[in-house]
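Undergrad: quick one, fold the following:
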Amino acid sequence: MNVRATSSQAVASRASTQAETVEFLVVGAGVAGSCIADGLRRLGHEVVLVDRASGRPNRFRGEYLQPSAVQRLVRMGFGEALLDASFPLRRLHFRDLRSPRRGVGGETWIEYPDSTEARAIQHVDLIEGLRAIAEDTLGSDMMMGTRVEAASQGFDPDVPEVVLRSADGSTRRLRPRWILGCDGRGSLVRRWMGGAECPPTGRVAWLGKRELLAGALLEGASGLPEHVEVVRTRRNGTLWTFPLGSGLQRVYWNLPAAGGPRRAEITAGLHAVLDEARPHLGCEGGRMRDVTAAPSNPAWLGPAARGRLVLAGDALAVTSPLGGQGISCASAHVERLLQSVSDRRGAPEPFDTQSLRGYEAEARARYREVRTLNFHIYHLFYSRGPVKGLTRLVVDSWRRNPERLVRLGDLFGGTRAQPLRLREVPALMGLPTPHSRRALTERLQA
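TA: This next block holds a predicted model:
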């Protein structure tokens, strides 16, 4: 399905030196922007949604949706766009091949909680589905292929005024009461707020090295499993793969970031890790395409609001492209903002200081949990860190204590009510803590 580009005639007819007043301007028609614009219009608010892109998105993210993200999108009315075009995933199978006997050194299954499932969907299908629903709701107030510019040099976050400029140069001048920035990690709205720029590279995982996460589509392979497979190989890093339906399989792989490897080197590395993992996956054949790479551990949180500017999605919090963390955070941002607006129906303003502070506090709590997962669970499963044997010890502890796997399934699914705290990580992994060492010493002395 195609979302129509802005009609230049419609834009030209509204071009004027006099700024129009609109309640909400949403910048960016990705997951966060499409969902929040649609939700605000359904709540009865005047909304204009703009995005500078007019073609089909083709990006390296947003294809693995955690159960919590699936549930939020369904609650917000996007089930039709999501469920028909996606593939259900109910469990994850992890194997560590780094064994002295060249066998499987550690193995475990992680199940999602009962009655929940993750979904796999191609990014282009997800975005086009969300945009089509938003367009049905917004009509001509969804403006694709349109740039947003400050109306004057001295942009005031408390009295924002902007110019929308289409590809043919026709303009529309707006004075929105609120601007919601959902325009990604290079957010223009965040720059207007005076917020810091998101760093271009990822942070270093615990005791690890800076890494890239490479990705590709595997087409036409036979015998691939219909669940998430994670295989940590002996020589070539870790392979993460899951089905997208229609004979396609998404393949991820981590590699050192030093030197900035070229596409040919990334492709060769993907073939090497896949060839090493094939005997354990039981798959044959297949053609690799759409190879790309991104920093494996970008973790960054910007300001949530300033004046009448509010951020959501990647504009507010940048996370790892692995494990569906980005869409999980974005959908949580959107749901929280829509709930705040709904709770204040009849009030003079859709947001107040208290609701925005609550929104920022929730975003920070979610960000801390994601960072803990990325920098500890990521290191355990993926990072080429120096702690040999740690993964095998942790997997053995999970085998002896199945309740830890249940907790891990809640974390991976994003369905846990309370955020993960750093001090919980050693117990979750079955590693000795100061308390457990003290208790063991006392028992030995007795």
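Undergrad: and the closest residue in space to residue 399 that isn't next to it in sequence, helix, strand or coil?
TA: Distance criterion Cβ to Cβ, 6 or more residues apart in numbering; nearest residue to residue 399, sequence neighbours excluded, is residue 108 at 6.5 Å. The way it works is simple: take the backbone N, C-alpha and C, and place the C-beta from them, glycine included. Recorded secondary structure, residue 108: strand (DSSP: H, G, I helix; E, B strand; the rest coil).
Undergrad: same thing with residue 395?
TA: Judged by three-state DSSP, the three-state class of residue 395 is helix.
Undergrad: residue 116 now?
TA: With three-state DSSP as the criterion, residue 116 reads coil.
Undergrad: separation between the residue lying closest to it once chain neighbours are set aside and residue 48?
TA: Excluding the flanking residues, the one nearest residue 116 by Cβ to Cβ, 6+ apart is residue 67, at 3.9 Å. Per Cβ to Cβ, to the nearest Å, residue 67 is found 33 Å from residue 48.
Undergrad: same deal with residue 296?
TA: Taken as Cβ to Cβ, the span from residue 296 to residue 48 is 36 Å.
Undergrad: what about the two, which has more around it?
TA: residue 296 (27 against 24; other Cβ atoms under 10 Å).
Undergrad: any stretches of the stretch 51-200 of the chain with poor pLDDT?
TA: 56-62, 98-105 (pLDDT under 70).
Undergrad: equivalent analysis for the stretch 301-446 of the chain, please.
TA: For the stretch 301-446 of the chain, the ranges with pLDDT under 70 are 374-379, 382-389, 417, 431-446.
Undergrad: if you set the cut-off to 90 instead, what comes out?
TA: 301-302, 318-326, 328, 365-446 (pLDDT under 90).
Undergrad: need the contact list for the nearest residue to residue 193 once chain neighbours are set aside.
TA: With Cβ to Cβ, 6+ apart as the criterion, residue 193 has its nearest non-adjacent residue at 4.3 Å, and that residue is residue 306. Neighbouring residues of residue 306 by Cβ atoms under 8 Å, 6 or more residues apart in numbering: 157, 193, 194, 195.
Undergrad: just the buried members of the residues you listed?
TA: Among the contacts of residue 306, the ones that count as buried by 16 or more other Cβ atoms under 10 Å are 193, 195.
Undergrad: for the contacts of residue 306, which one is nearest residue 248?
TA: residue 195 (37.3 Å; Cβ to Cβ).
Undergrad: partner residues bridging the residue nearest to residue 193?
TA: residue 309 (DSSP bridges).
Undergrad: cool, and residue 51?
TA: residue 144.
Undergrad: got the domain ranges for this protein?
TA: If you go by automatic domain parsing, the domain ranges for the chain are 8-64+123-201+299-369, 88-120+209-295, 382-445.
Undergrad: and the first one, how far out from the chain middle?
TA: In this view, domain 8-64+123-201+299-369 has its centroid 16 Å away from the chain centroid, taken as Cα atoms, centre = their mean, to the nearest Å.
Undergrad: tell me the secondary structure at residue 132.
TA: Residue 132 ends up helix, using three-state DSSP.
Undergrad: measure the spatially most central residue of the chain to residue 422 for me?
TA: The centre of the chain sits closest to residue 326, judged by Cα atoms, centre = their mean, with a distance of 1.4 Å. Distance, residue 326 to residue 422, by Cβ to Cβ: 21 Å.
Undergrad: with residue 282 instead?
TA: 38 Å.
Undergrad: can you list the strands that the longest strand along the chain pairs with?
TA: If you go by DSSP state E, the chain has its longest strand at strand 171-181. Applying DSSP bridges, strand 171-181 is found paired with strand 20-27 (parallel), strand 162-166 (antiparallel), strand 309-311 (parallel).
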